[in-house]
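Colleague: With the sequence up front, the predicted model follows.
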Amino acid sequence: MSAALDVAETALRAAAGDEADVFVQSERSGLARFASSRLHQPTLVEDVVVTLRVVRDGRVGVAVSNRTTDDGLRELAARAIDAADSAPIDEEFPGLAEPAPLPAVRGPDPETVELGPREQAELADAAIAAAGDTPAYGFFTSGSTDVAVASTTGSRTQQTTTDATVLVLAAGEGFSGFATQTSSKVAGIDVRGCAAEAAEKAARTRGAAGIEPGIYRAVLEPYALAELLQYFAYDTFGAYGLLEERSFFSGRIGEQVFDEKVSIADDALDSAGLPRAFDFEGSPKQRVALVEDGIARGVVWDRRAAKRAGGDARGTGHAPPVVLQSYGPLPFALTMRGGEAESVDELAEAVGEGIYVTRLHYLGVVHPREGVVTGMTRDGTFRIRGGRVAEPLVNLRFTVAVPRLLGDVPALSRAVTLVNGSDFYGDRFAYGVRAPAIATAHFNVTGVGSSPGV
Amino acid sequence: MEAARAAGAEYADARAVLRREQSVATKNGRVDSLSDVESEGIGVRVLVGGAWGFACDRRLTSEGARAAALHACEFALASGRGSVHRRLAEVEPQRATYRTAYEIDPFSVSIGDKIDICLRAEAGLARPEVKVAGAFARAVRENKLLVTSEGAEVEQELLECGAGIDATAVADGVTQIRSYPSAHSGSSAQAGWEYVLGLGLDQEAPRVGEQAAALLQAPECGADVMDIVIDAEQMQLQVHESVGHPTELDRVLGSEAAYAGTSFLKPTDLGALRYGSALMNITADSTTPEGLGTFGFDDEGVPAAPQPIVREGVLVGWIGSREVGFPGSMRADGWSRMPLVRMTNLHLEPGEGTLEELIDGVRDGLYLETNKSWSIDDKRLNFQFGTQAAWEIRDGKLGRLVRDATYTGITPEFWSSLDGVAGRDAWRLQGLTNCGKGQPGQSAHVSHGAAPARFRGVQVGVHA
């Protein structure tokens, strides 16, 4: 039995006599952060967080603690019971999840589990060295997370996941390039190659010029498209967005909403991503088709949202952490199907005249229902002239309706890249988007910013 | 401290933290979420051979403290390649205590009473057009003890409370939101439950619901260059994004380049750079009553104090730390994160007059209220903000309500167009809890005070 499942069962016993479920997350991680080619903020984290949900006569109470002693778990149960006794009957509570067969997913990577501070610092150092003379900023991180669910309905589930990410900004005054790689195993990322990519990109951004605002054809690298998709997903691809009519999909399910080259799913079972077998209440993860050949197919659900919707709605294994229940079910394993272009150079050819975007910065959702997002390009923006990537551009402000950007897609790259989406706030939850590079006919530049670089 | 010193640390600090947060959210007459989260542990930061290391342990025991210290030293030693001598600014080691002043302990208020407040407030939002009526309340208590190898020993208890309401109206394919007292999870303060009771959520709710419904019928904000008047709440975010972050000295020096970004400011700009018009006066103040960034001592043990940042439009101060030579603004998000340079409370000082007088000085313009969206570039120059509501101004009078208003600008140009700040009576303090920075990420709780302000010749109505 895993340590997390052991804690979960002990917590369940502490809530004796009540319906209850427990989610336990045990984290061991290290992040070696660097700036100006020196490690400056290395952080090691070890924690075990226990979330106990108690149900008493239809009233639901939740308490969380990281004290896993017998006394700590008894106090946790007392707080959860007190919360349940104070709450009105929860009409939307669908009951605790029943045990269900779980899909098989790849297990943790032993090499990643074993990484300690020395190895994490060495991998960060390797990235710094590979950036050569270009000052490097970024981090290497790896983590091992053991999660478990136990419930009075008989659920006993456990999974250990591993993740590793390297991120490099190679930059000086007036020039910068960016690259990042993430994987469920440390051998799946090439820290030196990542740094070299960032440094090579940086060298091409010196002498960046401005550009007139307007609508351009554009190539977006996977880094940029992945972030745009994740922001669009918050309102559009979750059940609450649909039910509360914040979603672009509201009233459009079954309609052609994007270019027919666009197919998007949420697939936590994909071995090329960061696989997970179950959600935060132990329900099995399912692959959910969100967009097929440009047609809106659906959104992700948990059992609570399904009960609210009624009818044929069913959970798809997307229950959020109970303390974040207000956000509803959201997709954190987005994957977009690739196309036929063998390289970004082919995408530039498809664009002809336009701009090339490596990475985005500080996105904001302007109008959720219309899928309008604003932000800046950063660390590798170029003009495309005559079908080739040409001179560097300054950082550009864009304000785009994502449906328009995805509505006219001349080409997609065949290669699909897993892009880390987590900034590692709070308890470790590694996630990413698998995205191709995209050529689009509609990228709305609404302003110009500063030169690249630091 | 003993374990760190024995492992070779030339400097070390340790923070033992106990934190409890209770939150209640209701939606459409039902409890949407309910949580009671406790977390405790110790974080140890060390300097070994000029390299920093940080590690933490959830056990508040001697064994946990020693393990954290040794792991921190291990990480510092492994990180030492290319390290440089780091000199920390001298500060007198403090031995003191500090506690938030409050009247009503929020943890003495039952969860049931917290739910009732939310449900009562939410009921006032109800209108046929309001699809989602939501209310939210929270309370946090953080106890922390800081000790340093230089002899500081500081014990603090910080208490926060907050609440808010949102109405989302929907009709004919249009969705609009209106919030009070602030968007994005209401407003919080370092205070007791009396702060939540004083917000008057149920009194404000009918106006909020009515305005959300009215926005459905309002015309879209057109694109133009015009004079604008911005309410206190949006001004607080404007200060946060375009003054707070760029004046964090660690950003200026590049420490945040890979994530939050850097700054358009340079160290040599201090005392010389014209940030805005002569009406622009910005102060960082970790002593502000009820501020979320208020403390007795920061997470390096430096006593709280006000710090002028901009005076009459000129940059005169930084937000900093001992390492960067401007001590007083180091804060960590709980026990499992390393302290970073963070905003505390950052205010636009009040000017003179009223909101009505500011509006009276506009012939053809826009009055904007309550943040809806925000984005700014990595050097904090090019920004674009959207607000939940806006009203046309014609010949000094408020006119039609318009929806989906946005405005955009370049930081120093924008602040140079400032030509009016309302007076002390219109000045409001509000706290936000989602200021992100650092890798791994940390959320800081900060407050901003501002009064409505007027800017000339601003681009509004940016569309996709």
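Modeller: Sure thing, it's come through.
Colleague: my guess is B:V147 meets B:D13, correct?
Modeller: Yes. Because the distance of 6.9 Å satisfies CB atoms under 8 Å, B:V147 is recorded as touching B:D13. Where C-beta positions appear, they are placed from N, C-alpha and C, glycine not excepted.
Colleague: And these two? Which one has more around it.
Modeller: Between B:V147 and B:D13, counting by other CB atoms under 10 Å in any protein chain shown, B:D13 is the more crowded of the two (24 against 21).
Colleague: how much space between the more buried one and A:E292?
Modeller: B:D13 sits 55 Å away from A:E292, going by CB to CB, to the nearest Å.
Colleague: can you give me the helices for the stretch 51-200 of chain A?
Modeller: Using DSSP state H, counting those that start in this stretch, the helices of the stretch 51-200 of chain A run over residues A:70-86, A:110-114, A:117-130, A:191-203.
Colleague: CSV for these, including mean pLDDT, mean neighbour count and distance to B:C221?
Modeller: Output for the helices of the stretch 51-200 of chain A, formatted as CSV (pLDDT from 0 to 100; neighbours: other CB atoms under 10 Å in any protein chain shown; distance: least, CB to CB, whole Å):
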stretch, mean pLDDT, mean neighbour count, distance to B:C221
helix A:70-86, 96, 20, 43
helix A:110-114, 97, 15, 50
helix A:117-130, 97, 22, 45
helix A:191-203, 98, 22, 37
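Colleague: got the phi/psi numbers for B:A191?
Modeller: Taking degrees, to the nearest 10, you get phi -170, psi 180 for the backbone angles of B:A191.
Colleague: and B:V44, what is it in contact with?
Modeller: Going by CB atoms under 8 Å, 6 or more residues apart in numbering or on different chains, B:V44 touches B:A4, B:A12, B:D13, B:A14, B:F54, B:A55, B:C56, B:A65, B:A68, B:A69, B:H71, B:A72.
Colleague: between these, which has the most around it?
Modeller: Of all the contacts of B:V44, the highest neighbour tally under other CB under 10 Å goes to B:A72, namely 33 neighbours.
Colleague: mind listing what's buried in the host helix or strand of that one?
Modeller: Using DSSP states H and E, B:A72 maps to helix B:62-78. The neighbour-count check on helix B:62-78 (16 or more other CB atoms under 10 Å in any protein chain shown) flags B:64-78 as buried.
Colleague: Could you list which of those residues also contact chain A?
Modeller: B:H71, B:A72, B:E74, B:F75, B:A76, B:A78 (CB under 8 Å from any CB of the partner chain).
Colleague: would you turn the residues you listed into TSV with pLDDT?
Modeller: Formatted as TSV, these follow (pLDDT from 0 to 100):
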residue	pLDDT
B:H71	97
B:A72	97
B:E74	94
B:F75	93
B:A76	94
B:A78	91
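Colleague: circling back: what is the helix holding B:A72 packed up against?
Modeller: If you count contacts as 3 or more CB pairs under 8 Å, 6 or more residues apart in numbering or on different chains; DSSP states H and E, helix B:62-78 packs onto strand A:19-35, strand A:38-56, helix A:117-130, helix B:2-6, strand B:11-27, strand B:30-48, strand B:51-57.
Colleague: Identify whichever of the ones you listed lies nearest to A:A348.
Modeller: Checking the helices and strands packed on helix B:62-78 against A:A348 by CB to CB gives helix A:117-130 as the closest, at 26.0 Å.
Colleague: Okay, domains of chain B per the record?
Modeller: Domain ranges of chain B: B:2-217, B:224-460, per automatic domain parsing.
Colleague: So which bits of the stretch 351-464 of chain B are right by chain A?
Modeller: By CB under 8 Å from any CB, the part of the stretch 351-464 of chain B that sits against chain A consists of B:372-379, B:381-382, B:384, B:386, B:404, B:406, B:408, B:436, B:438-443, B:462-464.
Colleague: what do you get if the cut-off is 6 Å, keeping everything else the same?
Modeller: B:373-379, B:381-382, B:384, B:386, B:439-441, B:462, B:464 (CB under 6 Å from any CB of the partner chain).
Colleague: Out of these, who's the most crowded?
Modeller: Busiest of those [other CB under 10 Å] is B:D378, holding 30 neighbours.
Colleague: and it, that's in a helix?
Modeller: No. Checked against DSSP: H, G, I helix; E, B strand; the rest coil, B:D378 lies outside a helix; its state is coil.
Colleague: thought it was touching B:G261?
Modeller: Yes. Here B:D378 reaches B:G261: they are 3.0 Å apart, a contact under CB atoms under 6 Å.
Colleague: before we move on, back to that, the domains of chain B: which one's closest to A:E27?
Modeller: Among the domains of chain B, the nearest to A:E27 by CB to CB is domain B:224-460 (9.2 Å).
Colleague: so for the closest one, what's the average pLDDT?
Modeller: On average, the pLDDT along domain B:224-460 is 98.
Colleague: now do stretch B:43-63
Modeller: Here the average pLDDT along stretch B:43-63 is 96.
Colleague: got the residues of the stretch 151-300 of chain B near chain A?
Modeller: Residues of the stretch 151-300 of chain B lying near chain A (CB under 6 Å from any CB): B:V170, B:T175, B:G254, B:S255, B:A257, B:A258, B:T262.
Colleague: Before I go, just wanted to say thanks for your time.
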